[in-house]
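A.B. asks: This is the structure alone, sequence omitted:
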């Protein structure tokens, strides 16, 4: 679950709705007009379904220590491992290459956690064990796809790294626009052409808009999702949150992505 806090309200957005936006960004991504996406369907599938494992967990939302609806960053490790595994298996069942990209995305996030967060040694050991399992699975799948008539070239190191980076960028841009009003920042190493990567400049455009420079999409996007606007936080317990959500109607949220002016 994503908790979007605005000046006058709090919205709860399903992880799958965020992934739906990722898929739309992927479907319109052309870089600077010279980016060859020979596997666009598989890349769009990975972007649109990489959070497919969240639906079960979101049936039973919980509060954090401040009484606010708990977000995806506030869940414990075992829950995350289960959700990621379910997500990867769901995407894999649709398409093996998309499943591979989803698993690589998961592995990279945990590698970054090991690099940048000072988790206690027992937590780090559990992450290492999980990564060992994921990386063995990925290595085996890459080996199987090396003889595939469609995917052989796409599992070579450079192509796989480019496609993984695209998935990471699409996921980040979607999270950015879903989580809060966008503030000016930059994103490095963004693929916009064959063997061409740039620094992407990101800025806000109104309370629910974002501009990109250089603009990597084939057109400005208007992105519709439905989410629940909630009141009553902080909540006393999980049941109070669930009762509120049961009575909260879904309302449209509209985001805009356009070029910088």
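C.D. replies: Perfect, thanks for sending it. In this text, all values refer to a predicted model and were calculated from it rather than measured experimentally. Numbering: from 1, shown residues only.

A.B. asks: what helices or strands is the lowest-mean-pLDDT helix or strand in the chain leaning on?
C.D. replies: Using mean pLDDT, DSSP states H and E, helix 54-58 stands out as the lowest-scoring helix or strand of the chain, at a mean of 91. The contact analysis (3 or more C-beta pairs under 8 Å, 6 or more residues apart in numbering; DSSP states H and E) places helix 54-58 against helix 15-27, helix 77-94. Every C-beta, even on glycine, is put in place using the N, C-alpha and C of the backbone.

A.B. asks: Residues touching the top helix by length along the chain, excluding its own?
C.D. replies: Using DSSP state H, we find that the single longest helix of the chain is helix 121-145. Residues outside helix 121-145 that contact it (C-beta atoms under 8 Å, 6 or more residues apart in numbering) are 77, 81, 96-97, 99-100, 103-104, 106-107, 110-111, 113-114, 119, 151-152, 154-155, 160.

A.B. asks: picking up where we left off before, save the helices and strands packed on helix 54-58 as CSV, and put in distance to residue 258, mean neighbour count and mean pLDDT too.
C.D. replies: Output for these, formatted as CSV (distance: least, C-beta to C-beta, whole Å; neighbours: other C-beta atoms under 10 Å; pLDDT from 0 to 100):
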stretch, distance to residue 258, mean neighbour count, mean pLDDT
helix 15-27, 12, 22, 98
helix 77-94, 29, 18, 97
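
A.B. asks: wait, which of the ones you listed is closest to residue 249?
C.D. replies: When the helices and strands packed on helix 54-58 are compared by C-beta to C-beta, helix 15-27 sits nearest residue 249, at 15.1 Å.

A.B. asks: Just give the nearest non-adjacent residue to the residue most central in space within the chain, would you?
C.D. replies: Taking C-alpha atoms, centre = their mean as the criterion, residue 171 is the residue nearest the geometric centre of the chain, at 3.5 Å. Take residue 171 and drop its neighbours on the chain: the residue closest to it by C-beta to C-beta, 6 or more residues apart in numbering is residue 22, 5.4 Å away.

A.B. asks: residue contacts, that neighbour?
C.D. replies: With C-beta under 8 Å, 6+ apart, residue 22 has these contacts: 47, 48, 50, 170, 171, 173, 174.

A.B. asks: Just name the closest of those to residue 258, please.
C.D. replies: residue 173 (12.6 Å).

A.B. asks: That closest one falls within a helix, correct?
C.D. replies: Yes: Residue 173 forms part of a helix when assessed by DSSP: H, G, I helix; E, B strand; the rest coil.

A.B. asks: Could you check how far it is from residue 12?
C.D. replies: In this structure, residue 173 and residue 12 are 20 Å apart, going by C-beta to C-beta, to the nearest Å.
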